[in-house]
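Trainee: quick one, fold the following:
(one chain, ligands or ions: 2)
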Amino acid sequence: MDSTSAMAHTVNPANERGREGFYQRAGGQNLAPLWRVLGALVTDEPVSPVKATIWKYSDVRPYLMEACKLITAAEAERRVMMLENPGLPGQSRITHSLFAGLQIILPGEVAPAHRHVASALRFIIEGKDAYTAVAGEKTYMLPGDFVITPSMTWHDHGNEGNGPMVWLDGLDVPIVNLMDASFRDGYPEANHPVTRPEGAAEIEYGYNMLPIDHEPGAQTSPIFNYPYARTREGLEKLSRFRKPDAYAAFKMKFINPVTGSWAMPTISTWMQLVPKGFKTQPYRATDSTVFTVVEGSGTSTIGGQRIDWQPHDIFVAPSWHFQEHAASADAVLFGFSDRVCQEKLGFFREQRGNA
Ligand code: GTQ
Ligand code: FE2
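Mentor: Numbers count the residues shown, from 1 in each chain. Ligands and ions are numbered 1, 2, ... in the order given. All right, here's what the predicted structure looks like:
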């Protein structure tokens, strides 16, 4: 970074002669001079190590299948191939603040019950007749469904069907670990007991009504499966009477019906319909974002880099990089980011247009 007076401060290395001994001795006292790092520490605008990256599902799927030959879900606890951002190698994260991975469960397998502070989302890629059980309630999942595992709730997954089940996991693990706040418990049996009928949460909270004895306080939506059939229908009907937004086309966020806020306390999630032939105008925001393609195909330009996508591909847009999305066939994109955290902390910024 440049060090003109308008830019964040960085000391000219030519002035540093004669200071090395001081720096050395200070280091021995666990002290360090701010002026040598200030420009890089307090940046003028977001500087992200995250690289715009795409994982083509056709490239990745064979590795999921190969993993199934090498390890069971039971041995792995969770048989997940992590999507590691090439700008953050070895750090088990897809963006600076979020973890993502592809989880595969074969017919008859159970991913055993556990619970942890980290919240998880599941975005279903392929398969049917597999469930996740959350806090004693099972939900069967279909492609395009958005499913939530709230912080510290017991959860296990099982595949009762005939084919593999694959979903995208998104977790706030890097945020939890930034604050060294992680706890995890294993359950003594593979499955936690089921105590509520399937669909109970949908009945209690999915009818624009609340049970009269509902006690507020939970941070996460009590709805834990947002089925694609409804999401898709909503976007389709929306597109018939509203004009597409120039920067987002048709974009709807998943909400907690109790609060009207985002569905999860740490991860924002949404679904976006970009009609065939539509191209969104340049937009940037401070939330590095993970996208996965549900339907359609197209091309995104992210920070000047061209990314061609098809169904099930996963790609990342780094913070403060301009993004544009063009659909060559009616396209539906699921997105998630740490936006909700940033909003709560007053960090979030966005910019429409690059003029
Ligand atoms: O399915 O419970 O990808 O606990 C990482 C941690 C999935 C899970 C992950 C987890 C899970
Ligand atoms: Fe988990």
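Trainee: how about the helices in this protein?
Mentor: 20-28, 38-41, 57-70, 73-76, 173-178, 200-205, 228-241, 339-345 (DSSP state H).
Trainee: contacts for the fifth one next, please.
Mentor: Going back to what we said before, that points to helix 173-178. The contact list for helix 173-178, computed with Cβ atoms under 8 Å, 6 or more residues apart in numbering, reads 91-93, 96-99, 117-118, 182, 266, 338, 341. All C-beta spots, glycine's among them, are computed from the backbone N, C-alpha and C.
Trainee: most surrounded residue in the residues you listed?
Mentor: residue 98 (28 neighbours; other Cβ atoms under 10 Å).
Trainee: now render the helices of the chain as TSV, adding distance to residue 87.
Mentor: Listed next are those as TSV, based on distance: least, Cβ to Cβ, whole Å:
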stretch	distance to residue 87
helix 20-28	28
helix 38-41	16
helix 57-70	18
helix 73-76	26
helix 173-178	13
helix 200-205	38
helix 228-241	31
helix 339-345	19
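Trainee: mean pLDDT for the ones you listed: which is lowest?
Mentor: Among those, helix 38-41 has the lowest mean pLDDT, at a mean of 94.
Trainee: that one - contacts with which helices or strands?
Mentor: Counting contacts by 3 or more Cβ pairs under 8 Å, 6 or more residues apart in numbering; DSSP states H and E, helix 38-41 is packed against no other helix or strand.
Trainee: mean confidence score for stretch 124-141?
Mentor: Mean predicted lDDT for stretch 124-141 stands at 98.
Trainee: that one: end-to-end distance?
Mentor: 7 Å (Cα to Cα, to the nearest Å).
Trainee: ok, stretch 72-91 next?
Mentor: 24 Å.
Trainee: residues touching it, excluding its own?
Mentor: Contacts for stretch 72-91 (Cβ under 8 Å, 6+ apart): 48-51, 53, 55, 60, 63-64, 67-68, 71, 92-96, 99-106, 109-112, 114, 169, 174, 190, 314, 316, 318.
Trainee: try it again at 7 Å.
Mentor: Stretch 72-91 is touched from outside by 49-51, 53, 55, 63-64, 67, 71, 92-96, 100-105, 109-112, 169, 314, 316, with contacts defined as Cβ atoms under 7 Å, 6 or more residues apart in numbering.
Trainee: return the distance of it from the chain's centre.
Mentor: 15 Å (Cα atoms, centre = their mean, to the nearest Å).
Trainee: and it, does that touch ligand 1?
Mentor: Yes - under the criterion of Cβ under 6 Å from any ligand atom, ligand 1 is reached by stretch 72-91 at 78, 80.
Trainee: near ligand 1, which residues of this protein?
Mentor: Counting by Cβ under 6 Å from any ligand atom, the chain sits next to ligand 1 at 78, 80, 101, 103, 111, 116, 120, 155, 169, 171.
Trainee: okay, now residue 355: neighbour count?
Mentor: So residue 355, with other Cβ under 10 Å, has 5 neighbours.
Trainee: buried ones among the contacts of stretch 72-91?
Mentor: 50, 53, 55, 64, 92-96, 100-105, 109-112, 169, 314, 316 (16 or more other Cβ atoms under 10 Å).
Trainee: cross these against strands and list the overlap.
Mentor: 53, 55, 100-105, 110-112, 169, 314, 316 (DSSP state E).
Trainee: a markdown table for those residues, including pLDDT and distance to residue 26?
Mentor: A markdown table is the format used below for these (pLDDT from 0 to 100; distance: Cβ to Cβ, whole Å):
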| residue | pLDDT | distance to residue 26 |
| --- | --- | --- |
| 53 | 98 | 39 |
| 55 | 99 | 44 |
| 100 | 99 | 40 |
| 101 | 98 | 42 |
| 102 | 99 | 46 |
| 103 | 98 | 47 |
| 104 | 98 | 51 |
| 105 | 98 | 53 |
| 110 | 98 | 55 |
| 111 | 98 | 50 |
| 112 | 98 | 50 |
| 169 | 99 | 44 |
| 314 | 99 | 45 |
| 316 | 98 | 39 |
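Trainee: reformat those residues as TSV; add distance to residue 163.
Mentor: Shown next, in TSV, are those (distance: Cβ to Cβ, whole Å):
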residue	distance to residue 163
53	28
55	21
100	23
101	20
102	16
103	15
104	11
105	10
110	16
111	16
112	21
169	19
314	21
316	28
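Trainee: nearest to residue 322, of those?
Mentor: For those, the minimum distance to residue 322 (Cβ to Cβ) is 14.3 Å, reached by residue 316.
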